[in-house]
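A.B. asks: When you get a sec, could you give me coordinates for this:
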Amino acid sequence: MARPERRPRVLLLTGSPLDGPEGCGVRLAADVLGALPDMDFVWFTQGPRRRQAPPERGRPVRVLSRGRGPHASDRVQSALAGAVFAHRVDLVHAFLNIGRAFPAFSSLRPLLLGGRPVVHTVPAVTDTHSLRRARPLGTTVALSESMARRLRAADFGDVRVVPPMVRLDEWPYLPRPEGFPAVLFAGHHDPHGGAEIAIDAAAVAHGEGARFRLVLAMRGRPGQDPEALDEALRERAGAAGLPDVDVRGHVDDMHALLASVRVLLFPPPRLGGSADIPLTVLQALASGRPSILSDLPQFADFGHAVLRAPAGDARRTGQQLAWLLDQPRSWDMLAERGRALVEDHFGPERFAARYAALYRELLA
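C.D. replies: So this is what the prediction gives:
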């Protein structure tokens, strides 16, 4: 009886455990894990306590985790564990932002990752100066064409584009919610994260007669004081004359929140530490929630499926919000276009096919 053929073994190298605090890199790694059943994956799990149920596939490698983060200790342990297991697998797939620590890691690539082929998916560039000093780990994957151009200009050589995915069955198209409209901003407490512009834009829309509740779903980062930052946003909203503002912390049930809102407002002047294509934007579009975005290069390919305003222009953003809330037919049209965009460009089949082809190429 013939022995079954051994499946290729792939290390998913992430900055924090797959069952720990969810960030874009962890989300992308989990999506790859689920999309490619023909691979034997090795991935990091947190201990001694888990924040969420671990994936059921592959081989978990435990690292100690503080449970909130990712923290520097998580990244160091992941790097050390990755250096050990990189020599025991056929392919390394890294999901790492290009930030301040990345140039040093990339310079140690031969020592840490050995001679195995490497795929490096870049969720975000969080520090432009680091990009100038970084070296490619192997074949680089960008989430958008605009990011691919930046990476190629920084001498990253072979750069492919694989947009992130949304599970269409998990994010079904929803009807317009009834009752008093709510407008959602979801993001981080970053200096240019967009929350302040969202408040200013909402104040412009309110001044033009639009009536709605502004919901700010805010996520803190390590070292921040989320309660103080939330209170600062409430004070800004009060000073701007907004009568109905709900500032929340991290939202566990984003499905329910998106079902309750009518519009997603996402107007950061630049993405900074956020993902190149924020997952919340894709989830909102999949759910049939028209979105008003900053006119950033990452969103150029969204075409007429969204409304875009000049980055940092609160007045124009607010005017678009007031118009959209007053135009139910345009709302319906944008809701349908947004869902179609996600189905055509961000579905799981396309995501799986592109990564499967890249794996076959590098493992050949």
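A.B. asks: Please count neighbours and contacts with C-alpha atoms only from this point.
C.D. replies: Noted.
A.B. asks: Next up, the contacts around Leu11.
C.D. replies: Taking CA atoms under 8 Å, 6 or more residues apart in numbering as the contact definition, Leu11 lies against 41-43, 82, 85-86, 89, 91-94.
A.B. asks: In PDB, please show the C-alpha coordinates belonging to the helix or strand where it lies.
C.D. replies: Following DSSP states H and E, one finds Leu11 within strand 9-14. Taking C-alpha atoms only, strand 9-14 is exported to PDB below (Å, rounded to 0.1, in the frame of the first residue of the first chain):
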ATOM      1  CA  ARG A   9       4.800  22.300   5.800                       C
ATOM      2  CA  VAL A  10       4.300  26.000   6.100                       C
ATOM      3  CA  LEU A  11       5.200  28.300   9.100                       C
ATOM      4  CA  LEU A  12       2.800  31.200   9.700                       C
ATOM      5  CA  LEU A  13       5.100  33.800  11.200                       C
ATOM      6  CA  THR A  14       3.000  36.400  13.000                       C
END
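A.B. asks: Tell me how many other residues crowd Asp244.
C.D. replies: Asp244 has 13 neighbours, counted by other CA atoms under 10 Å.
A.B. asks: pLDDT value on it, please?
C.D. replies: Looking at Asp244, its pLDDT reads 95.
A.B. asks: correct me, but it touches Leu216?
C.D. replies: No: using CA atoms under 8 Å, Asp244 makes no contact with Leu216, being 11.2 Å away.
A.B. asks: re earlier: name every strand pairing with the strand holding Leu11 and say which way it goes.
C.D. replies: Sheet pairing of strand 9-14 (DSSP bridges) gives strand 40-47 (parallel), strand 91-95 (parallel).
A.B. asks: Following the chain past that strand, name the next helix or strand.
C.D. replies: helix 24-35.
A.B. asks: residues in contact with Ala104?
C.D. replies: Each residue near Ala104 by CA under 8 Å, 6+ apart is listed here: Ala134.
A.B. asks: swap that for Phe156, please
C.D. replies: 135-136, 140.
A.B. asks: Low-confidence ranges, this structure, go.
C.D. replies: 1-4, 21-22, 47-56, 64-84, 273 (pLDDT under 70).
A.B. asks: switch to 50 and redo it
C.D. replies: Scanning the chain for pLDDT under 50 picks out nothing.
A.B. asks: Could you identify the longest helix within it?
C.D. replies: helix 328-345 (DSSP state H).
A.B. asks: buried stuff in that helix?
C.D. replies: Buried residues in helix 328-345, defined by neighbour count with 16 or more other CA atoms under 10 Å: 331-332, 334-343, 345.
A.B. asks: Just give the number of residues close to Pro310.
C.D. replies: Pro310: 16 surrounding residues under other CA under 10 Å.
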